[in-house]
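> Below are the sequence and a predicted model for it; my questions follow.
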Amino acid sequence: MFISNAYAADPAQDPTGGLMQFLPLVVIFILFYFMLIRPQMKRGKEQKNMLEALQKGDEVVTTGGLLGKVVKVNDNYISVEIAENTIINVQKQAIINLLPKGTIKAL
């Protein structure tokens, strides 16, 4: 016979086990959490608190870029006056920013 038998080698004994194989994945997940997930959750919480605190007379910016003054607040919708005698209804989630009082007059 010209071909010799090939036998599998004995498994090497790794003293650290599988922990060292998963350590990079754990580190990546921790970095992912602190750099992406946590800031996004914080921003969402701030947005929710801002929407709950909206009241009549607040000046806001919508996702479409419209500036206006809140005229009426309902559970899901807000009436915003964007010009004199021009009132639009938008969903609460469409409000992205609360402006300081007097911002619209300064423009």
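Now that the structure is in, tell me what you want to look at. Residues are numbered from 1 along each chain as shown.
> pLDDT weak spots in this protein?
1, 11-18 (pLDDT under 70).
> Now do the helices in the chain.
19-32, 38-52, 103-106 (DSSP state H).
> Let me have those helices in CSV, extended by distance to residue 61.
Backbone N, C-alpha and C define where each C-beta goes, glycine included. Formatted as CSV, the helices of the chain follow (distance: least, C-beta to C-beta, whole Å):
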stretch, distance to residue 61
helix 19-32, 31
helix 38-52, 11
helix 103-106, 9
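> looking at those, which is closest to residue 96?
Shortest separation from residue 96 across the helices of the chain is recorded for helix 38-52, at 7.9 Å, computed as C-beta to C-beta.
> Would you mind pulling up the elements that that closest one packs against?
strand 95-99 (3 or more C-beta pairs under 8 Å, 6 or more residues apart in numbering; DSSP states H and E).
> Check which residues of the strand it packs on are buried.
Under the neighbour-count criterion of 16 or more other C-beta atoms under 10 Å, strand 95-99 has 95, 99 buried.
> What of stretch 26-39?
Residues of stretch 26-39 classed as buried: none (neighbour count, 16+ other C-beta under 10 Å).
> Just list the residues touching the residue sitting nearest the centre point of the chain, thanks.
When the chain is reduced to its mean C-alpha position, the nearest residue by C-alpha atoms, centre = their mean turns out to be residue 40, at 3.4 Å. The contact partners of residue 40, by C-beta atoms under 8 Å, 6 or more residues apart in numbering, come to none.
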